[in-house]
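> Here is a sequence with its predicted model. Questions after.
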Amino acid sequence: MARNTILQKGRLKTMHAIEKLLAAKAGKASVHAGEIVNCVVDQAGINDVYYQTVKSFYEMGGKKVAAPEKVIIFLDHYAPCATEKQADNHRKFREFASEQRIERLMDINQGVCHQVMADHGYSYPGEIVVITDSHTPTHGAFGAFGTGVGATDLATIMATGKLWFRVPEAIRINFVGKLQKGVYAKDLILHVIGKLKADYAVYKAVEFAGPVMKELSVSQRMAMCNMTTEMGAKTSYIQPDEVTLDFLQKRGVKDFTVYDTDADYKYADDLTFDVTEIEPQLAAPFSVDNVYPILSLIGKHVDQTYLGSCTGGRVEDIAVAAQILKGKKIHAGTRMVLVPASRAVLKECIEKGYIQTLIDAGATLTAPGCGACCGIHQGLLAAGEVCVSSTNRNFPSRMGNVKGEIYLGSPASVAAAALEGTIADPRKYFERSEA
C-alpha cells in the first residue's frame, strides 16, 4: 500500500482524492473539475445484458482486446437463463471470452458483478473500475473510482485500454450522531436521497464522511455507495480506513495506492446529517426519492418481500433477516424471496445457518444473481401486488407488472414485513433481543 500526494511547482496542489486518482491514471500532474481526461482503466466489466458491447467492439474494427487481463465478463442478470434468447446470449459471451483469452468469465454460479468484485478482491483503493452497470459507484466503498457506462464506451476500453472522463465536482456528506438499533446504512442513504432528491448529484462525486462512517462495515458502505446512482452521481467515495484495509487484507490484496484529499480542498457542497433521530426509512412507489419514515406507512399489506441484490444481498443483510425470523414463520399470504448476492455469500450463509433459518421460516431461496431486481425473473410482481425490497429501484415495472408497488428499505425492514405481513418497524425486534 502506498499513499499519494501531488506536488506542483514546489507546493501542494489542492485536489480531491478522486482528482489525484484520475490524474495518475491520465499521466498528469493535476486535474480539475470539468476537465476531460483520457485514463487507463484498471477493471473493465461487461454484464450479460450488454452483448452489444461485443458487437460494438467488432463494429469499431476491433480484432484483439487490448488488455484481456483487465476485462471481466459477468453472467449475472440472466443467471440462470429463463429464455432461449438469454441462453444464446450467454453462449456467445463464453465464445468471445475463449476467443479473446479473457480468463475472468464469471459464469452463472458466481453472482452479481459488484459483489463478485468484492469477493475476489478486485475492488481496491486507487483504481478505475468501469462496468456496464449503472450501480458501479458501489466501488467507491473501497476508495476506487467506480462508474457505469454503456456498450460503446466499454467497447472502447476493450479496444484501447483507456476511456475519457470529465472530472466530477465533489460533494461531501457527513454523518454525525448515534445510530439507533435497527437502523442501517440503507436507511441513512434513503433519508439523504429523500431530502436532496434524485437529481441533486448529477455527474458529481459523492463522498461519505464523518464519525458514523467508522461504525459502518464494508457491506453497509457498499450499500450506501451503490445508492448514489439514485442521486444521479457519476461516482462515490469513502476514504479508505482500517475497516477497508482489514477487508482487503483478508482477501490478500496488498498492492494499491490510497489517495488523500488535501485539507484545504473546497467541496461543491458540504452537508451534515445527524443520524440520531433517523428511523427506518422506506422509498415508496414510484421513485427512490419518494421517501417516508417507516412509521407513516405501518400496517400496509405486503404480498412479497425480497431480500437480495447488489444493494441488500450480502452476508450481513441475510444475517439481520435471520435474526428477526429465527424460530418464527413468515406471515400467511406473504412471500419472501431470498437471493444471495454471490456464491461466496450463499456459502458463508449456509455455513452460519442463516439460510436454514430463513427456509425454516418459509423463505424461497433462489440462485445468486440479479434475479427480480431488474424485472427479469425469480420473483416478479403481478398487477396490484406490494413488495418490500432491499434492492435499489422502485420505478414502474422495475420488478414485473407496471402496476406492482415496490417499497425500498433495509434488510431489517424486509424481514419485519415478511414476519408481520404488513409494513412494520424492525426496531422492536432488536429491543427484544437485548431484553
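Yep, it's here.
> Okay, strands next: where are they in the stretch 1-150 of the chain?
Assigned by DSSP state E, counting those that start in this stretch, the stretch 1-150 of the chain shows strands spanning 2-4, 7-8, 11-12, 36-40, 43-47, 71-74, 105-106, 128-131, 145-148.
> Distance of the closest residue to residue 422 other than its chain neighbours relative to residue 335?
In space, and not counting its chain neighbours, residue 422 is closest to residue 299: 5.1 Å by CB to CB, 6 or more residues apart in numbering. For glycine as for every other residue, the C-beta is placed from the backbone atoms N, C-alpha and C. Computed as CB to CB, to the nearest Å, the residue 299 to residue 335 distance reads 19 Å.
> And residue 426, by the same measure?
The gap separating residue 426 from residue 335 is 18 Å, by CB to CB.
> Show me which of the two is the more surrounded one.
Using other CB atoms under 10 Å, the more surrounded residue of residue 426 and residue 335 is residue 426, with 28 against 18.
> which residues does that one contact?
If you count contacts by CB atoms under 8 Å, 6 or more residues apart in numbering, residue 426 has them with 182, 280, 324, 410, 412-413, 415-416.
> Now do it against residue 379, distance only.
Distance from residue 426 to residue 379, counting by CB to CB: 21 Å.
> next one: residue 311
Distance from residue 311 to residue 379, by CB to CB: 15 Å.
> between the two, which one's more packed in?
More crowded of residue 311 and residue 379, by other CB under 10 Å: residue 311, with 33 against 24.
> list the contacts for that one?
If you count contacts by CB under 8 Å, 6+ apart, residue 311 has them with 135, 186, 223, 226-227, 390-392.
> So which of those are in helices?
Of these, the ones assigned to helices by DSSP state H are 186, 223, 226.
> Could I get the full set of helices for the protein?
17-26, 52-59, 84-99, 113-119, 151-160, 185-196, 218-226, 242-250, 309-312, 315-325, 343-351, 354-361, 411-420, 427-434.
> Reformat those as CSV; add mean pLDDT and distance to residue 35.
CSV is the format used below for the helices of the chain (pLDDT from 0 to 100; distance: least, CB to CB, whole Å):
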stretch, mean pLDDT, distance to residue 35
helix 17-26, 98, 9
helix 52-59, 98, 26
helix 84-99, 97, 34
helix 113-119, 98, 27
helix 151-160, 98, 18
helix 185-196, 98, 25
helix 218-226, 98, 23
helix 242-250, 97, 27
helix 309-312, 94, 30
helix 315-325, 98, 38
helix 343-351, 98, 39
helix 354-361, 98, 47
helix 411-420, 98, 40
helix 427-434, 77, 46
